[in-house]
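>>> Any chance you can model this:
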Amino acid sequence: MSTLQIIEIFSSIQGETSWTGLPTLFIRLASCNLRCTWCDTTYSFGRGTRYTITSILESVDHHALQHICVTGGEPLLQQDVFPLMSKLCDEDYQVILETGGSLSIASVDPRVKIILDVKCPGSGMEGRNFWDNIGKLKRSDEVKFVIKDKDDYCYAKGIVEQYALTQRVDQILFSPVFDELDPQELVEWILEDKLAVRLNLQMHKYIWSKEKRGV
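The predicted structure follows:
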């Protein structure tokens, strides 16, 4: 029987990506293989609760939201996440996957929109980026850089140029670390360099407190 360790399933608005503001059902999987310095979901490192895929689908049906975000932790650590995402797509849900970028996305159903993190030096995890993923991105996927300081910004800018990301995906997201980098400062850098990227603020942290879970 296919099962997954789940931290939480909850409905909220999407706080990030090009889907910002849309009512969304979040499925947060347990466990993560990375330890980013700025991580805001360390509670996902635990084992969570075991769900069958059938029970997850029942919960999804109960919430009755069209947009589904599969997140973590690191969702791709659990192999049964692949059939789960495919089944959600079969049911005509709009599915996005948030992944930390250290594991291969090759087996992800092509109907799923991937939000791929590229870890900058400020995360302490830049050595874990799995660069082969860049070549597997679809135009509809998105690449996200969480930026802590000017060094991270310069790193992200360099990766965008090195991998010609503006020619690979429609959306490149630059996200300031909450309470560490002033968004205004990041905007100034982006405008100065005339980068074709989207400022990506975590809307849910402005609506609720940054400590609040399930939002």
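
>>> Please count neighbours and contacts with C-alpha atoms only from this point.
OK.

>>> Report the secondary structure element holding Gln184.
If you go by DSSP states H and E, Gln184 is part of helix 183-193.

>>> Off-centre distance for the helix or strand just after that helix?
Helices and strands here follow DSSP H and E; after helix 183-193, the next one along the chain is strand 198-199. Distance of strand 198-199 from the chain centroid (Cα atoms, centre = their mean, to the nearest Å) equals 15 Å.

>>> Strand 198-199: what's the following helix or strand?
Taking DSSP H and E, what comes next after strand 198-199 is helix 203-207.

>>> in the helix or strand where Thr54 lies, what's buried?
Using DSSP H and E, Thr54 sits within helix 53-63. Residues of helix 53-63 classed as buried by neighbour count (16 or more other Cα atoms under 10 Å): Ile53, Ile56, Val60.

>>> so what does it touch, helix or strand wise?
Under the contact definition 3 or more Cα pairs under 8 Å, 6 or more residues apart in numbering; DSSP states H and E, helix 53-63 sits against strand 3-13.

>>> just the angle between the helix or strand following the strand it packs on and helix 53-63, please?
For strand 3-13, the following helix or strand on the C-terminal side (DSSP H and E) is strand 23-29. Computed with axes from the mean of the first three to the mean of the last three Cα atoms, to 10 degrees, the direction of strand 23-29 lies at 160 degrees from that of helix 53-63.

>>> quick one: Glu188 and Cys36, what's the gap?
Distance, Glu188 to Cys36, by Cα to Cα, to the nearest Å: 25 Å.
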